[in-house]
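*Asks:* I need the structure of the sequence given here:
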Amino acid sequence: FRRPDDFAEFGFVVARFEARSSDNRGRTTLDSVYKQLGVTEIDDLAAGVRALHDRSWLDPARVGVFGTSYGGTASALLLMRHPDLFKAAVSNSPVTDWRLYDTAYTERYLGLPEDAPEAYEQGSVINQVDNLEGDLMLYFGTSDDNVHPKNALQLIAALDEAGKSYDVQVGPDRGHTSLPRTRMMEFFIEKLVINPARGD
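*Replies:* Okay, here's the model as predicted:
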């Protein structure tokens, strides 16, 4: 259980889901993510949202997602892998290409890049940009010493090359952080409440 979320004050339903990559679920469950990082757990989270579609208090046409660090990676992947479910995402300090992240973490799930290139490719946010349909806010700090800013810059280059629209906010001299909460609320209110349907 958590304290009430301030997003609820604006009429948003706030839901949290755990995927097979969550802690303390045992080796067999965790093995389902091996060489599937960025796929298995993302599809689990999408299934959680899909399970809420028959609830009267949820509008399936106005679903957003946000997260920081791995949560930022998951948010971007959810928006791109499941554009039918997610309409807006705030991706804070995300790993966009697993080749750019700590080997102690990445190789535990994906193996060596030269041994499993397809695992690195399928879990990369950068390789999903063609699927972007919703609204994406990307945030990164220029002094991030955990997820190097090169992750965000390569994603920006890929989005530009694909001709996609998106928002970026930069934290000058900030580290591994996220968009200020009030700015994140503004983004979701604009994209999901004031202007919920792009092109309508």
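*Asks:* For the rest of this, base every contact and every neighbour count on C-alpha atoms.
*Replies:* Noted.
*Asks:* could you check the distance from the residue nearest the centre of the chain over to residue 113?
*Replies:* Residue closest to the average C-alpha location in the chain (C-alpha atoms, centre = their mean): residue 75, at 1.5 Å. With distances taken as C-alpha to C-alpha, to the nearest Å, residue 75 is found 23 Å from residue 113.
*Asks:* re earlier: check whether the residue nearest to the centre of the chain really touches residue 89, as I assumed.
*Replies:* Yes: Residue 75 is in contact with residue 89 according to C-alpha atoms under 8 Å; the separation is 5.9 Å.
*Asks:* Need the overlap of contacts for those two.
*Replies:* Common neighbours of residue 75 and residue 89, using C-alpha atoms under 8 Å, 6 or more residues apart in numbering, are 65-66.
*Asks:* Tell me where this structure has helices.
*Replies:* With DSSP state H, the ranges of helices along the chain come out as 27-31, 40-50, 70-81, 103-110, 117-122, 150-161, 181-188.
*Asks:* Find the nearest non-adjacent residue to residue 97, please.
*Replies:* Distance criterion C-alpha to C-alpha, 6 or more residues apart in numbering; nearest residue to residue 97, sequence neighbours excluded, is residue 124 at 4.9 Å.
*Asks:* contacting residues around the one you found?
*Replies:* 38, 96-98.
*Asks:* do that again at 10 Å, thanks
*Replies:* Neighbour list for residue 124: 37-39, 73, 77, 95-99, 118, 155 [criterion: C-alpha atoms under 10 Å, 6 or more residues apart in numbering].
*Asks:* repeat for residue 100
*Replies:* Contacts of residue 100 (C-alpha under 10 Å, 6+ apart): 106, 147-151.
*Asks:* And it, how close does it get to residue 55?
*Replies:* The gap separating residue 100 from residue 55 is 40 Å, by C-alpha to C-alpha.
*Asks:* what about the nearest residue to residue 129 once chain neighbours are set aside, how many neighbours?
*Replies:* In space, and not counting its chain neighbours, residue 129 is closest to residue 159: 6.0 Å by C-alpha to C-alpha, 6+ apart. Neighbourhood size, residue 159 [other C-alpha atoms under 10 Å]: 19.
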